[in-house]
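Trainee: just a sequence and a predicted model for now, questions to come.
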Amino acid sequence: NAGVTQTPKFQVLKTGQSMTLQCAQDMNHNSMYWYRQDPGMGLRLIYYSASEGTTDKGEVPNGYNVSRLNKREFSLRLESAAPSQTSVYFCASSEFSGGMNTEAFFGQGTRLTVV
Amino acid sequence: GEDVEQSLFLSVREGDSSVINCTYTDSSSTYLYWYKQEPGAGLQLLTYIFSNMDMKQDQRLTVLLNKKDKHLSLRIADTQTGDSAIYFCAEIPPVGSSNTGKLIFGQGTTLQVKP
């Protein structure tokens, strides 16, 4: 059981380049999330998808786009990377049914540096 | 709005107890969680508490919940060097709130355990 898989694990981009971070989960979860983690700021929610076919902005969505391709996959795209987007990105998923959320499972993270 | 606050750093000696504190704002949250992040890794669920409970014990871990003060704490008994990590508290707003489906994390508390 792989859980939540993110690719790539490391990436260096030049300012202005674009890239897509991939995330897939094999737990049949409804909800998926993208967070960024910066020192002293904890995890900040970029976008989330409460169910297949829906996406919503989180706390820091500017400069990002997302696609919930199907129930398994939720990708994050940087159209024109900026140094301020240097961070560690985490994808997570959770089951959200019966009026309750359950445990969220996290990927191992993508360490992105924009130079 | 939602907000989860934690102190950023705690240092203890091996064998002592550690207490990590968290305050939250959404009093209707159903579940409150503690996650652990080891260096270079994703987040793993340590324990959780349902909002109608005051206390939950799980081996060396004790979670205390004070709903009146919106205060959550995690006590680690007999702290070991392997407990050195960042600890995050998180809340998940219930169905029907404006934050349905979101996971809200604190900034994380770095626990340093000295031998």
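Mentor: Yep, it's here.
Trainee: surely B:Y31 meets B:T47?
Mentor: No - counting by C-beta atoms under 8 Å, B:Y31 does not reach B:T47; the two are 10.8 Å apart. (C-beta placed from N, C-alpha, C; glycine too.)
Trainee: excluding its backbone neighbours, what's nearest residue 60?
Mentor: Picked chain A for this. A:R44 (5.0 Å; C-beta to C-beta, 6 or more residues apart in numbering or on different chains).
Trainee: my bad, chain B
Mentor: In space, B:R60 is closest to B:A77, 4.6 Å off (C-beta to C-beta, 6+ apart).
Trainee: the helix or strand of chain B with the lowest mean pLDDT packs against which elements?
Mentor: In chain B, the helix or strand scored least confidently by mean pLDDT, DSSP states H and E is strand B:104-105, which has a mean of 86. Judged by 3 or more C-beta pairs under 8 Å, 6 or more residues apart in numbering or on different chains; DSSP states H and E, the packing partners of strand B:104-105 are strand A:42-49, strand B:85-92.
Trainee: now these as CSV including mean neighbour count?
Mentor: Converted to CSV, the helices and strands packed on strand B:104-105 look like this (neighbours: other C-beta atoms under 10 Å in any protein chain shown):
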stretch, mean neighbour count
strand A:42-49, 22
strand B:85-92, 25
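Trainee: adding distance to A:A81, write the ones you listed out as CSV.
Mentor: As requested, these are exported to CSV (distance: least, C-beta to C-beta, whole Å):
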stretch, distance to A:A81
strand A:42-49, 14
strand B:85-92, 26
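Trainee: can I get these in a markdown table with mean pLDDT and distance to B:F9?
Mentor: Converted to a markdown table, the helices and strands packed on strand B:104-105 look like this (pLDDT from 0 to 100; distance: least, C-beta to C-beta, whole Å):
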| stretch | mean pLDDT | distance to B:F9 |
| --- | --- | --- |
| strand A:42-49 | 90 | 13 |
| strand B:85-92 | 90 | 10 |
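Trainee: show me the beta-bridge partners of the closest residue in space to B:D54 that isn't next to it in sequence.
Mentor: Take B:D54 and drop its neighbours on the chain: the residue closest to it by C-beta to C-beta, 6+ apart is B:L65, 5.8 Å away. Beta bridges link B:L65 to B:L72 when assigned by DSSP bridges.
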